[in-house]
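Peer 1: what's the 3D shape of this:
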Amino acid sequence: MPEDGGAPFYAALPCPDPTPWVAEHILPALDVAPISRAAMGHGFATYLGNDPDPVLVADWPEDIAHAAQLLIVAPGHRYPIDRIRFELCDAFGFDSAALSRRPHNALSDAMALREYLLAREARGF
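Peer 2: Residues are numbered from 1 along each chain as shown. Take a look at the predicted model:
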């Protein structure tokens with residue numbers, strides 16, 4: 001979720017063989033049609049390219065890994081992002097299922113995490 005209030009980047013990849021839990025909880029909450037990994041990577045790189053100092057904050061290491069992998073075009077080639085910072089936070093007490101407006105929707109969960117971290121920061125934690 002951009003700090004300047006701009007539009008967030010949100011997209012989904014196809015999941016041809018989901019686990020029962022993913023089929024029940026994640027897929028119905030997507031709210032977008034899945035696109036190819038190449039289209040998502042290009043869109044993500046374009047989105048980040050408009051920010052002079054992008055910072056991605058996550059509460060789970062795999063989220064950072066997935067975001068970084070989107071920047072790989074092919075073996076040995078990546079999208080030309082000048083710089084990007086990844087921040088892994090310890091969001092102790094954060095519960096996306098309880099705080100997200102649409103639990104299991106990645107955009108809604110990210111917005112809830114942002115609100116939680118900003119509120120925690122305002123309290124001096």
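Peer 1: Please count neighbours and contacts with C-alpha atoms only from this point.
Peer 2: Fine.
Peer 1: so Phe44 sits in a strand?
Peer 2: No: going by DSSP: H, G, I helix; E, B strand; the rest coil, the assignment for Phe44 is helix, not a strand.
Peer 1: pLDDT at it, what is it?
Peer 2: pLDDT for Phe44: 97.
Peer 1: quick one, strands of this structure?
Peer 2: Counting by DSSP state E, the segments of the chain that form strands are 55-58, 72-74, 77-78, 85-88.
Peer 1: Give me whichever of these is most buried.
Peer 2: Highest mean neighbour count of the strands of the chain: strand 55-58, a mean of 16 (counted as mean count of other Cα atoms under 10 Å).
Peer 1: Against which helices or strands is it packed?
Peer 2: Applying 3 or more Cα pairs under 8 Å, 6 or more residues apart in numbering; DSSP states H and E, one finds that strand 55-58 contacts strand 85-88.
Peer 1: Give the partner strands of the strand it packs on in its sheet and their orientations.
Peer 2: Strand 85-88 pairs in its sheet with strand 55-58 (parallel), by DSSP bridges.
Peer 1: related to what we said a few turns ago, what's the closest of the strands of the chain to Ser108?
Peer 2: Among those, the nearest to Ser108 by Cα to Cα is strand 55-58 (13.3 Å).
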